[in-house]
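Engineer: I'll drop the sequence and a predicted model, then ask my questions.
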Amino acid sequence: MPAAEEIARVLAGSCLRCHGPELEKGRLRLDRAEGLERVVVPGDLEESELWFRASLPEGDPDLMPPEGPRLPERDLALLRRWIEQGPGLEAVAGAVAASDRAREEARAGLVRLRDRGAVVVALEGDPAGPLRVDFGRREDPVRAGDLEALAPLAPRILELSLAGHDLRGGLLERLPELPALEILRLDRARFEDDEAGRCLARLPGLRVLGLYGSAAGPRTLEAAAGLSRLEQLFLAETALDPAAIEAFRRRRPEVRVPGEARLPARPFPGSAPRRILAADASKKRIALLQETALQHFDLLWEHPVEALHDLQGLENGHVLFQVDGTRILEVDPFSGETVWSYDASVCNRRPGDGPVEVHSFRRLEDGTTLIAESGPARLLFVDPAGEAVHVIPLYMERPDSHRDIRLVRPTPEGTFLVAHEGDGAVREYDREGRIVWEYRVPLFGREPAPGHGFEAWGNRVFAALRLPGGTTLITTGNGHGLLEVDREGRILWRIGQEDLPGLRLAWTTTVQVLSNGHLVLGNCHGGPEQPQLIEFTRDRRVVWTFRDHERFGDALSNAYVFEDPFAHDF
C-alpha cells in the first residue's frame, strides 16, 4: 500500500499548479480533504474522476495535467493502488499541503542561489529533487555567504562545482554539511592544502573529485585516499609529486586517476571546449555534456529515454528529443520543465490506422515541427498545438513501420532529404510530395550480411545532409561509411570502414559539418574499443574523438556538437 507521502509527491508535482493555493480551477483544491472527496471515491476507480482524467491517453483533450505529458506509469500505478486500498483522504491532503510547502521553500532556495550567480540544475526536473550547483562559471569571487546559502538545500545537493575560484582564507571550511554530495569540482581552484584536507574529511560520500589544475597538495591527496566511495580522481596539472600519485594508485587501485600526465598547451585542438548533446537507447539516457578537460566531460543535464533516433538543440536553449517510439518532448534543461509534447500514437490519428513509429523530427524556422512517421510513411508538419497543417506522403518500396525512415533533414532549397533505411535509398521530396532526386546506396559488390557491428554489411542508410554546393553527405549505416555524392549520383568522396587511421567504423549514424570544415561522424555498435564520435578532416586526419562507455553504451545513435559551448546558458 503506498504511503501518503508518495501520493502527495504525485499530486503536488502534477496537480497543484491548477488545483492548489495559487489557482483553484473549478473551485477544486487537492491539498484539502474536501477537494479530494470530489474526485476520489476510495475503493472505486470507475467513479474516481481523478483516475479517469489522469489515465486518459496522451493527446486526449480531457487528460490531466492538461499541459502534459501524461503521468509516468509508476505514478499511475501509485494512484491506482491508493484509490483501491490506500491511506485516507485526510492523511493524503495533509501530506500534499506539507509537500507543497516544501516545494515552495525549495523553489525559494533555488532562486536565492541563482541570484548569487550559481547555475542550479534540478537533475530530475523536480525543484524538490536532487540538485547540481555550479559556481564555476560565476565571474565574481565566491564569498562566505555564497557557501552558507547552500545550507537550506544541502540534503539535496549531489554535485557542486567551485572550479576556478580562490577559496583561501578558510572559505572551504564555511561549506555546510553536504550529506548527499557525490561530485565535487575544485578544478583550477586555489586553496590551502590543510583546509582542503579537512573539508574532504567531512564529505565521505564523494564518488568523483576534480582537482586538475588546482592547488592540491599532500594533505588533499591523503584525505582523498580516505574517501571510501571514491571512484574517480582528476589530478592533471597539479604540483603533486608523481611518486605520491603512484602511491595513491597502489593504495586505491579501484579509483580511476585519468589525465595524470600534464595537459598539452592547447588542450582543445582546433576548437573551443566542446558541448555535446548525445543519446543512447541501450543506456536509456539523453545527456548534455560540457568538456572541462581533455577527454573529460561534466554532466549538465540528462533525461531518461527508451527508443530514440533523433534529437535537436533549439535556438532558445531547449532540447527537442523523443522518450520512446512515438513521444516527443521539448524540455528546458535549465529548469527541467517540459514545455511541449507530442505523441504520434494518438495525435492526428484515425480509428483503424496501423502501427506508427517516429525516428526523426525537426523544429523548423516557421515554428512548426516536422515529424516523420514510419508506418503511415508520411511527413507531418504540426503547429504548436499539435495540429497537422501540412502532410507529405512518402514513397516506400518495402514498407516497414520500423525501417521506413531514419533521419529527415530540410535542404536550403526548401525540400526534404529522407533516409529510407529499409529501401537503402535517399529520396528528396518537395512540399507537394514529388520525388525530385533519389540516390540508392550501393553495396559495392558485396553480399548483405546481418548484424550491427563490424561483421554486418548493407546499405541501411541513416542520414543525408545537403551541403551548400549542392552535393549530399550520406551515412550508410551498416555500410560502415560516409559518402559525398553529386546530383548525378557520382561518388565524389568516400570514407570506408578502415579509412581513418587507427579506427574502425561500425554502424555510421549522424554526420555534422563544423564551421572549420571538419566532419563529426557517429560510430555506433563499434564496441568499447572504438570511439562513438569522430572529428576528422577531408584528408582523413583524425582531430578528436569521443568515447564514453560509462554514460553511454554501444548504441549511441545520435549526437550533436555545439561549436559555441556558451551560446546557451543551460
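Structural biologist: Perfect, thanks for sending it.
Engineer: where are the low-confidence patches of the stretch 351-500 of the chain?
Structural biologist: Low-confidence segments of the stretch 351-500 of the chain, defined by pLDDT under 70: none present.
Engineer: what about 90?
Structural biologist: Scanning the stretch 351-500 of the chain for pLDDT under 90 picks out the ranges 351-354, 399-403, 450-453.
Engineer: Okay, strands next: where are they in it?
Structural biologist: Secondary structure of the stretch 351-500 of the chain by DSSP state E, counting those that start in this stretch: the strands cover 357-363, 369-374, 378-382, 388-393, 408-410, 416-420, 425-429, 435-440, 463-466, 472-475, 482-485, 491-495.
Engineer: possible to save those as TSV with distance to Ala224 and mean neighbour count?
Structural biologist: To be clear about C-beta, it is placed using only N, CA and C from the backbone, and glycine gets the same treatment. Rendered in TSV, the data for the strands of the stretch 351-500 of the chain read as follows (distance: least, CB to CB, whole Å; neighbours: other CB atoms under 10 Å):
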stretch	distance to Ala224	mean neighbour count
strand 357-363	45	23
strand 369-374	48	24
strand 378-382	52	21
strand 388-393	57	14
strand 408-410	47	19
strand 416-420	48	26
strand 425-429	53	21
strand 435-440	56	16
strand 463-466	44	24
strand 472-475	43	25
strand 482-485	44	21
strand 491-495	43	14
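Engineer: Put together CSV for the ones you listed, with distance to Arg188 on each row.
Structural biologist: Formatted as CSV, the entries for the strands of the stretch 351-500 of the chain read as follows, by distance: least, CB to CB, whole Å:
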stretch, distance to Arg188
strand 357-363, 37
strand 369-374, 41
strand 378-382, 46
strand 388-393, 50
strand 408-410, 39
strand 416-420, 43
strand 425-429, 46
strand 435-440, 49
strand 463-466, 38
strand 472-475, 38
strand 482-485, 38
strand 491-495, 38
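Engineer: how many neighbours does Gly422 have?
Structural biologist: Using other CB atoms under 10 Å as the criterion, Gly422 is surrounded by 19 other residues.
Engineer: Please determine how far it is located from Arg275.
Structural biologist: When CB to CB, to the nearest Å is applied, the distance between Gly422 and Arg275 equals 34 Å.
Engineer: Over to Ala163?
Structural biologist: Here the criterion is CB to CB. By it, Ala163 lies 16 Å from Arg275.
Engineer: so what are the domain limits for this structure?
Structural biologist: Residue ranges for each domain of the chain read 4-97, 116-251, 275-562, as given by automatic domain parsing.
Engineer: Throw those domains into TSV and include distance to Val257, thanks.
Structural biologist: Output for the domains of the chain, formatted as TSV (distance: least, CB to CB, whole Å):
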stretch	distance to Val257
domain 4-97	38
domain 116-251	5
domain 275-562	12
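Engineer: If you average pLDDT over each of the ones you listed, which is lowest?
Structural biologist: Lowest mean pLDDT within the domains of the chain: domain 4-97, at a mean of 75.
Engineer: what distance separates that domain from the centre of its chain?
Structural biologist: When distances are taken as CA atoms, centre = their mean, to the nearest Å, domain 4-97 is centred 29 Å away from the chain's centroid.
Engineer: Same question for stretch 411-419.
Structural biologist: Between the centre of stretch 411-419 and the centre of its host chain there is 26 Å, according to CA atoms, centre = their mean.
Engineer: who touches it?
Structural biologist: Residues from elsewhere that reach stretch 411-419, judged by CB atoms under 8 Å, 6 or more residues apart in numbering: 370, 372, 379, 392, 394, 405-410, 426-431, 436, 461-466, 468, 472, 474.
Engineer: 6 Å - rerun?
Structural biologist: With contact meaning CB atoms under 6 Å, 6 or more residues apart in numbering, stretch 411-419 is reached by 406-410, 426-430, 461-464, 466.
Engineer: Show me the two of those that sit farthest apart.
Structural biologist: The widest separation within the contacts of stretch 411-419, taken as CB to CB, falls between Asp430 and Phe462 and amounts to 22.6 Å.
Engineer: Using the three-state scheme, assign the residue lying closest to Arg116 once chain neighbours are set aside.
Structural biologist: The shortest distance from Arg116 to any residue that is not its chain neighbour, by CB to CB, 6 or more residues apart in numbering, is 5.0 Å, and that residue is Asp146. Reduced to three states with DSSP: H, G, I helix; E, B strand; the rest coil, the structure at Asp146 is helix.
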